[in-house]
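Trainee: need coordinates for the below:
(2 chains)
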Amino acid sequence: MSGTTDQPEIPPEEVERVFKKLDQEAESAGYHLNPDTTFTRGLIEGMLVNERRYGYWACPCRLASGRKSEDLDIICPCDYRDADLSEYGACFCALYVSQDVKDGKRKARRIPERRPAEKLSAETEPPAASAAEGSAGSPAENTRAAKEPARAETPAGSAPAGAAELKYPVWRCKVCGYLCARDGPPEVCPICKAKKERFERFL
Amino acid sequence: MTFQHVEGTDKGRIVLYSLSTCMWCRMAKNLLRDLGIGYEYIDVDSLQAEEKDAIKKEIKKWNPDGSYPTIIINDKECVSGFDEAEIREKIK
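Mentor: Numbers count the residues shown, from 1 in each chain, chains lettered A, B, ... in the order given. Below you'll find the model as predicted:
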């Protein structure tokens, strides 16, 4: 069998530990894990496999590129989770579900991919350096600190109009929308626990 | 590129593109097993980079989102994502 890579083994205790942590974090912030715990544990195991492969929690139901900068939007919880929860009652994987799905009033099912097409077509091989930079995008896209970890020193030219009058820049968590006004984004989002690199300059 | 073959009733050429980490892909494998249908599958996430890109192109011909699972039936029909009713309907 040429061409395949070994699948890392994940100890059940590790899956259990992460399951408990995620469940606690989700419930404390108004989110819910899928009540089908066999399904949920299976997804967590998949994320831990991806952590060993790539070094981060790439979505278990999407094919990761293996480059963190390109996969940031699909590190669990992904940038698309909350919109999918609102519209379909579940995230793409159905690891996270809405209250009505948790209560059994609605079923989690197949949902369309919300991730933009240009992200989906990224090749697995290393690309030429910064090929995507400077490509045509909406003005709103260009102001985002999406490609790099968020920094306090955003160039003045890239801040949205009106931001200059603010005493502090405003940072937005791309996962859950949490906003905070401070010199730089927090290490971890206090709401959804996404890491600093998932924040963008909002104002 | 090595496809895994699962023995079962011959319903034509059933090809499942899956991810080893995805529970919806596992549900698709379990459904085909429970239906006793012979099929081939490949866990795309377990392939080397150059093979992944080739397979991704093939999947996109059928399913523009390139999502998983993708099932191709007899090189004619495609089921994108796991939908039990659609799989049962298309593989008769």
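Trainee: if you count neighbours, what's buried in the helix or strand of chain B with the lowest mean pLDDT?
Mentor: Across the helices and strands of chain B, mean pLDDT, DSSP states H and E gives its lowest value to helix B:49-62, namely a mean of 93. By neighbour count on 16 or more other C-beta atoms under 10 Å in any protein chain shown, the buried set for helix B:49-62 is B:51, B:52, B:55, B:56, B:58, B:59, B:62. (Each C-beta comes from the backbone N, C-alpha and C, glycine too.)
Trainee: which non-adjacent residue is nearest the fourth one?
Mentor: Spelled out, that is residue B:56. Take residue B:56 and drop its neighbours on the chain: the residue closest to it by C-beta to C-beta, 6 or more residues apart in numbering or on different chains is residue B:66, 5.8 Å away.
Trainee: just to revisit the earlier point, from the buried residues of helix B:49-62, which is closest to residue B:7?
Mentor: Using C-beta to C-beta, residue B:55 is the member of the buried residues of helix B:49-62 that lies nearest residue B:7, at 23.0 Å.
Trainee: give me the number of residues near the closest residue to the closest one other than its chain neighbours?
Mentor: Nearest residue to residue B:55, sequence neighbours excluded (C-beta to C-beta, 6+ apart): residue B:44, at 5.3 Å. Using other C-beta atoms under 10 Å in any protein chain shown, residue B:44 has 25 neighbouring residues.
Trainee: how much space between residue B:44 and residue B:72?
Mentor: 13 Å (C-beta to C-beta, to the nearest Å).
Trainee: which residues do the two both contact?
Mentor: residue B:17 (C-beta atoms under 8 Å, 6 or more residues apart in numbering or on different chains).
Trainee: for the residue in chain B that chain A sits nearest to, which non-adjacent residue is closest in space?
Mentor: Nearest to chain A, among the residues of chain B, is residue B:21, at 2.9 Å (C-beta to the nearest C-beta). Nearest residue to residue B:21, sequence neighbours excluded (C-beta to C-beta, 6+ apart): residue A:46, at 2.9 Å.
Trainee: now the residue most central in space within chain B, what's its secondary structure?
Mentor: The residue lying closest to the centre of chain B (C-alpha atoms, centre = their mean) is residue B:16, at 1.3 Å. Counting by DSSP: H, G, I helix; E, B strand; the rest coil, the backbone at residue B:16 sits in strand.
Trainee: how about the contacts made by the spatially closest residue to it that is not a sequence neighbour?
Mentor: Leaving aside its sequence neighbours, residue B:16 sits nearest to residue B:41 (C-beta to C-beta, 6+ apart; 4.0 Å). Applying C-beta under 8 Å, 6+ apart to residue B:41 gives the contacts B:3, B:4, B:6, B:15, B:16, B:17, B:18, B:29.
Trainee: of those residues, which is the most crowded?
Mentor: Going by other C-beta under 10 Å, residue B:17 tops the contacts of residue B:41 with 27 neighbours.
Trainee: tell me what that residue is bridged to.
Mentor: residue B:42, residue B:70 (DSSP bridges).
Trainee: chain B: strands as residue ranges?
Mentor: Under the criterion DSSP state E, chain B contains strands at B:4-6, B:14-18, B:39-43, B:70-73, B:77-80.
Trainee: what's the answer for chain A, then?
Mentor: Under DSSP E, chain A gives strands at A:32-33, A:96-97, A:170-173, A:179-181, A:199-201.
Trainee: most tightly packed of those?
Mentor: Neighbour counts (mean count of other C-beta atoms under 10 Å in any protein chain shown) averaged over each of these peak at strand A:96-97, with a mean of 26.
Trainee: contacts only, for residue 32.
Mentor: Reading this off chain A. Counting by C-beta under 8 Å, 6+ apart, residue A:32 has contacts A:26, A:96, A:97, A:98, A:99, A:101, A:102.
Trainee: you answered for a different chain; I wanted chain B.
Mentor: Residues near residue B:32 by C-beta under 8 Å, 6+ apart: B:6, B:8, B:14, B:16, B:39, B:87, B:91.
Trainee: any idea how far it is from residue B:9?
Mentor: With C-beta to C-beta as the criterion, residue B:32 and residue B:9 are 10 Å apart.
Trainee: how about residue A:97?
Mentor: Applying C-beta to C-beta to residue A:97 and residue B:9 gives a distance of 35 Å.
Trainee: how deep is the nearest residue in space to residue A:58 that is not next to it in sequence tucked in, by neighbour count?
Mentor: Leaving aside its chain neighbours, residue A:58 sits nearest to residue A:64 (3.6 Å; criterion: C-beta to C-beta, 6+ apart). A count of nearby residues for residue A:64, using other C-beta under 10 Å, gives 23.
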